[in-house]
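[1] generate coordinates for the sequence data below:
(one chain, ligands or ions: 2)
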Amino acid sequence: MLERTPLPPLPLLLDRALGAYLGFAIGDALGATVEFMTPREIAHRFAAQGGVHRQIVGGGWLRLPAGQVTDDTTMSLALGDALLRGARLGRPLDTTLIADAFVAWRRGRPVDCGHTCRRGILRYLHHGSLHGEPHDGDAGNGALMRNLPVALATLGDDTAFERVSIAQAHITHHHPLSDAAVLAIGHLLRALLAGAGPAELRTHGERLVTRQPVFRFQPYPGRASAYVVDTVQTVLHHLLAFDDFEAAMLATVNQGEDADTTGALLGMLAGARCGAAALPRPWKRQLLPAVVHAVSDQASALVALALSPPPPAANTAPENATA
Ligand code: MN
Ligand code: MN
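    Ligands and ions are numbered 1, 2, ... in the order given. Modelled structure (predicted):
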């Protein structure tokens with residue numbers, strides 16, 4: 001039986017969905033400058049600005065142009081395109097289309113591609129399998145970082161959300177902690193899109209920690225690496241510690257380490273909480289216009305997809321589709 005989450009009026013829902021995707025891109029672009037740096041190195045580098053990195057200026061180890069985003073955003077956009085394409089083709093939520101989109105994304109020479117993502121994409125390309133065996137090394141944050149489009153495309157249908165989230169995750173990452181993070185952060189995002197307040201937000205965090213105590217984030221352990229536990233702790237700690245988008249974002253990315261990914265995920269949740277209209281204007285203006293257009297178009301298209309009636313069933317089941 002399908003669970004139904006009550007959704008807010010459309011204009012409010014669209015503002016929150018756009019806030020989530022723009023907030024995600026802002027965090028990616030802002031954090032990329034200090035990815036793999038330590039908090040001490042950041043404080044030293046930005047001493048002239050009070051020891052805080054606060055502008056979208058590009059650079060970093062990827063030598064990004066100012067306003068450009070990294071794999072976090074472009075891989076999310078690829079996943080979202082696959083979901084929209086599947087609806088057009090009468091193959092809704094088809095995992096094979098998602099895997100094909102990851103292959104095409106990698107062929108497009110992304111500025112960055114994590115090791116575990118690359119390995120999973122190559123496995124699909126060479127063997128056609130949509131998931132690897134469970135693997136101890138798969139507890140990175142690569143599956144978590146790109147799940148935003150799934151949360152939007154399945155709004156109102158928690159069963160489909162969980163099924164597609166795990167299916168897309170397992171194309172590259174097959175680990176119980178990655179799975180738990182993908183579902184917990186996704187459910188939290190969906191609650192914020194529906195208008196969850198601070199108490200409900202806290203309940204979501206506590207529920208995750210009860211199920212998987214390794215995610216305990218209070219007191220904050222202070223690591224922000226690409227290990228999915230560090231990532232979730234960093235994001236939840238800062239989301240709950242700061243009501244304000246800008247304050248939460250600055251505190252998050254200035255933790256360094258996997259700053260583009262923690263920034264993106266914090267931006268997604270805090271952006272859903274405040275809505276696009278309340279995002280800091282300077283950061284919105286500092287993003288490349290092409291990025292703003294891509295995430296804006298996709299956010300509204302995915303919400304429209306979630307709210308549209310299901311298409312007639314396709315005549316043939318796609319090969320290799322997993323349940
Ligand atoms: Mn990245
Ligand atoms: Mn990263």
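[2] look up how far residue 235 lies from the residue of the stretch 151-300 of the chain found nearest ligand 2.
    Nearest residue of the stretch 151-300 of the chain to ligand 2 (C-beta to the ion) works out as residue 261 at 3.7 Å. C-betas here are computed from N, CA, C, even on glycine. Noted for residue 261: a distance of 9 Å to residue 235, by C-beta to C-beta, to the nearest Å.
[3] now do stretch 104-112: distance from first to last residue.
    Between the opening and closing residues of stretch 104-112 there is a gap of 14 Å (C-alpha to C-alpha, to the nearest Å).
[4] tell me how many other residues crowd residue 209.
    18 (other C-beta atoms under 10 Å).
[5] the nearest residue to residue 169 once chain neighbours are set aside is in what secondary structure piece?
    Nearest non-adjacent residue to residue 169, counting by C-beta to C-beta, 6 or more residues apart in numbering: residue 143, 3.5 Å away. Secondary structure from DSSP states H and E places residue 143 in helix 142-145.
[6] what does the stretch 201-323 of the chain have sitting close to ligand 1?
    residue 260 (C-beta under 5 Å from the ion).
[7] what residues does the stretch 201-323 of the chain put near ligand 2?
    So the stretch 201-323 of the chain meets ligand 2 at 258, 260-261 (C-beta under 5 Å from the ion).
[8] okay, the residue of the stretch 1-150 of the chain at minimum distance from ligand 2: pLDDT?
    Relative to ligand 2, the nearest point of the stretch 1-150 of the chain is residue 35 (5.5 Å; C-beta to the ion). As summarised for this prediction, residue 35 has a pLDDT of 98.
[9] how about residue 4?
    pLDDT, read off for residue 4, is 54.
[10] dump the residues of the stretch 201-323 of the chain next to ligand 2 to a markdown table, plus distance to residue 108 and secondary structure.
    Listed next are those as a markdown table, based on distance: C-beta to C-beta, whole Å; DSSP: H, G, I helix; E, B strand; the rest coil:
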| residue | distance to residue 108 | secondary structure |
| --- | --- | --- |
| 258 | 22 | coil |
| 260 | 18 | helix |
| 261 | 20 | helix |
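[11] who does the helix or strand where residue 234 lies touch, helix- and strand-wise?
    Element membership of residue 234 [criterion: DSSP H and E] is helix 228-241. Judged by 3 or more C-beta pairs under 8 Å, 6 or more residues apart in numbering; DSSP states H and E, helix 228-241 is in contact with helix 142-145, helix 176-193, helix 198-211, helix 245-253, helix 259-274.
[12] for the second one, which helices and strands make contact with it?
    In other words, helix 176-193. Short answer (3+ C-beta pairs under 8 Å, 6+ apart): helix 176-193 packs on helix 10-32, helix 142-145, helix 148-153, helix 158-170, helix 198-211, helix 228-241, helix 259-274.
[13] how about a cut-off of 6 Å?
    Helix 176-193 sits against helix 142-145, helix 148-153, helix 158-170, helix 198-211, helix 228-241, helix 259-274, with contacts defined as 3 or more C-beta pairs under 6 Å, 6 or more residues apart in numbering; DSSP states H and E.
[14] pull the contacting residues for residue 107.
    Not one residue lies near residue 107 by C-beta atoms under 6 Å, 6 or more residues apart in numbering.
[15] follow-up on the earlier one: now, of the helices and strands packed on helix 228-241, which is deepest in the fold?
    Highest mean neighbour count of the helices and strands packed on helix 228-241: helix 259-274, a mean of 30 (counted as mean count of other C-beta atoms under 10 Å).
[16] any idea of the angle it forms with helix 10-32?
    Angle between the axes of helix 259-274 and helix 10-32 is 160 degrees (criterion: axes from the mean of the first three to the mean of the last three C-alpha atoms, to 10 degrees).
[17] list the buried ones in the very next helix or strand once past helix 259-274?
    Sequence order places helix 281-286 as the next helix or strand after helix 259-274, per DSSP H and E. Judged by neighbour count (16 or more other C-beta atoms under 10 Å), helix 281-286 contains these buried residues: 283, 286.
[18] pLDDT on the next helix or strand after helix 281-286, on average?
    With elements assigned by DSSP H and E, the helix or strand that comes after helix 281-286 is helix 289-307. Across helix 289-307, pLDDT averages out at 98.
[19] please apply the same query to stretch 110-124.
    For stretch 110-124, the mean pLDDT works out to 96.
[20] who's in contact with it?
    Outside of stretch 110-124, the residues within contact range by C-beta under 6 Å, 6+ apart are 62, 70-71, 74, 99, 102-103, 106, 132, 138, 140, 142, 171-173.
[21] and of these, the nearest to residue 282?
    residue 70 (20.1 Å; C-beta to C-beta).
[22] was I right about the closest one contacting residue 259?
    No - counting by C-beta atoms under 6 Å, residue 70 stays clear of residue 259, with 10.5 Å between them.
[23] next, the buried residues of stretch 62-74.
    62, 64, 67-74.
[24] out of those residues, which touch ligand 1?
    70-72.
[25] ok, these vs residue 10, which is closest?
    Among these, and counting by C-beta to C-beta, the member closest to residue 10 is residue 72, at 27.4 Å.
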